[in-house]
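K.L.:
Mind looking at a prediction? Sequence and model below.
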Amino acid sequence: MKSWEILACSFSEWYPHFKKVTFPSRIIPLSQEFVDYLLADNLVLRSDQALITYDKGNESTSSDSEDDEEGWIKAESETPSLEAPHFEEIDKKIADVIAEFGGKVFVKLNWSSPKDASWIALNNSLQCHMPADVHLLLKSSDFVLHDLTQPFKDCEDHALNSEPVKYDLILRKWIEINPANEFRCFVRNKNLIGISQRDESIHCAHIEIEKEDIVRDILSFFKEQIGPKFPLDNYVMDVVRQRKDKIVLVDINPYGITTDSLLFDWSEDLLQTSNNLGTATCSHSMPDFRFIAEESGIRTNPLRRYCVPEDIAHLTSGEDPYKLMDLLKLRSGQADTTDSD
């Protein structure tokens with residue numbers, strides 16, 4: 001995977017070519033000042049009554065005060081301790097687009113959406129109704145942080161890429177999507193070779209019943225709408241099948257470990273770009289379609305790990321064994337104290 005392939009999958013690069021087969025969207029170029037604001041630790045949101053601030057570096061802080069819970073600090077507007085940033089031009093554009101799209105939008109940057117941060121929103125959703133909603137989700141997302149700091153991390157030529165990335169804020173019309181109808185499609189050497197159920201945490205009986213129609217509809221959509229127009233040989237596209245014979249493009253992603261392989265694995269032979277099976281043979285064969293065929297095959301939603309404190313996530317995953325050792329020592333010390341009493 002090369003850095004120019006990552007750039008080709010940036011939303012502003014592919015959207016103009018596929019407007020008719022994807023959801024209505026607006027692209028707002030971001031200033032370096034706004035990007036710096038997204039990278040800063042403190043989150044400050046302005047409301048009519050107060051400034052609401054959140055210190056990312058103080059997530060473990062707790063207090064008995066009603067105005068200071070789990071790192072949130074409320075400062076009265078008459079004597080604010082921090083000044084909320086002013087991005088009047090960008091916020092006006094955001095508000096205008098929200099109004100244009102009926103009062104609610106889906107937000108993302110060049111590549112990623114802040115889906116790991118939905119837990120922080122009041123409605124536990126990525127649905128944004130005002131500029132402050134957009135700020136909150138973007139500032140709280142590790143996925144967005146990856147876009148801003150390490151977009152070429154997994155590229156072979158990442159050390160050679162020195163060009164600054166031009167970041168865009170993407171606002172998409174909010175469309176209710178049934179996750180049972182979302183699919184991730186793998187394109188290798190310009191051939192659709194694999195289709196995966198997008199949400200691994202659910203079992204959908206209708207997929208088994210309609211699997212042949214699903215594959216046929218997606219393959220036809222790819223051959224007619226995407227394949228002839230998109231310049232890369234290898235990429236991953238997300239689609240939603242709204243009904244029979246109706247496929248809508250959701251996103252285009254880089255072909256490599258930056259993108260979640262879901263029910264496939266990037267190490268398996270099928271996905272290897274060096275595995276040239278012959279264009280003629282591939283173009284006439286059906287893609288490998290993988291889905292959760294029974295409830296016992298359901299997998300844990302990987303986004304759940306972002307809904308708990310980082311220390312707890314490390315304990316449950318075994319990522320930091322020293323934290324587990326510290327916890328066991330603490331429990332042991334508490335037990336000894338209880339026995340002595």
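P.N.:
Arrived safely.

K.L.:
can we go C-alpha only for contacts and neighbour counts from here?
P.N.:
OK.

K.L.:
any idea whether the spatially most central residue of the chain is helix, strand or coil?
P.N.:
Within the chain, one residue has its C-alpha closest to the average C-alpha position: by Cα atoms, centre = their mean, that is Ser113, at 3.8 Å. The three-state assignment at Ser113 reads coil, by DSSP: H, G, I helix; E, B strand; the rest coil.

K.L.:
pLDDT at it, what is it?
P.N.:
Confidence at Ser113, expressed as pLDDT, is 95.

K.L.:
and the gap between it and Ile218?
P.N.:
Here the criterion is Cα to Cα, to the nearest Å. By it, Ser113 lies 23 Å from Ile218.

K.L.:
same thing with Pro231?
P.N.:
Summarising the geometry, the distance separating Pro231 from Ile218, computed by Cα to Cα, is 19 Å.

K.L.:
Look at those two and report which has more neighbours.
P.N.:
Just comparing Pro231 and Ile218: by other Cα atoms under 10 Å the higher neighbour count belongs to Ile218, 23 against 14.

K.L.:
and stretch 231-250, how far from the chain's centre?
P.N.:
Chain-centre distance of stretch 231-250: 17 Å, with Cα atoms, centre = their mean, to the nearest Å.

K.L.:
First residue to last residue on that stretch, what's the distance there?
P.N.:
From its first residue to its last, stretch 231-250 covers 18 Å (Cα to Cα).

K.L.:
just checking, the residue nearest to the centre of the chain touches Val107?
P.N.:
Yes. Ser113 lies in contact with Val107 (Cα atoms under 8 Å); the separation is 6.3 Å.

K.L.:
Could I get the full set of strands for the stretch 101-250 of the chain?
P.N.:
Taking DSSP state E, counting those that start in this stretch as the criterion, the stretch 101-250 of the chain carries its strands at 105-108, 168-173, 182-188, 191-197, 235-243, 246-253.

K.L.:
Tell me which of these sits nearest to Glu33.
P.N.:
Taking Cα to Cα as the criterion, Glu33 comes closest to strand 168-173 out of those, the separation being 12.8 Å.

K.L.:
how about the CA coordinates for the closest one, as CSV?
P.N.:
Below are the C-alpha coordinates for strand 168-173, written out as CSV (Å, rounded to 0.1, in the frame of the first residue of the first chain):
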residue,chain,number,x,y,z
ASP,A,168,-11.7,18.4,4.8
LEU,A,169,-14.7,18.3,7.0
ILE,A,170,-17.4,16.1,5.3
LEU,A,171,-21.0,16.5,6.2
ARG,A,172,-23.4,13.9,4.8
LYS,A,173,-27.1,13.9,4.8
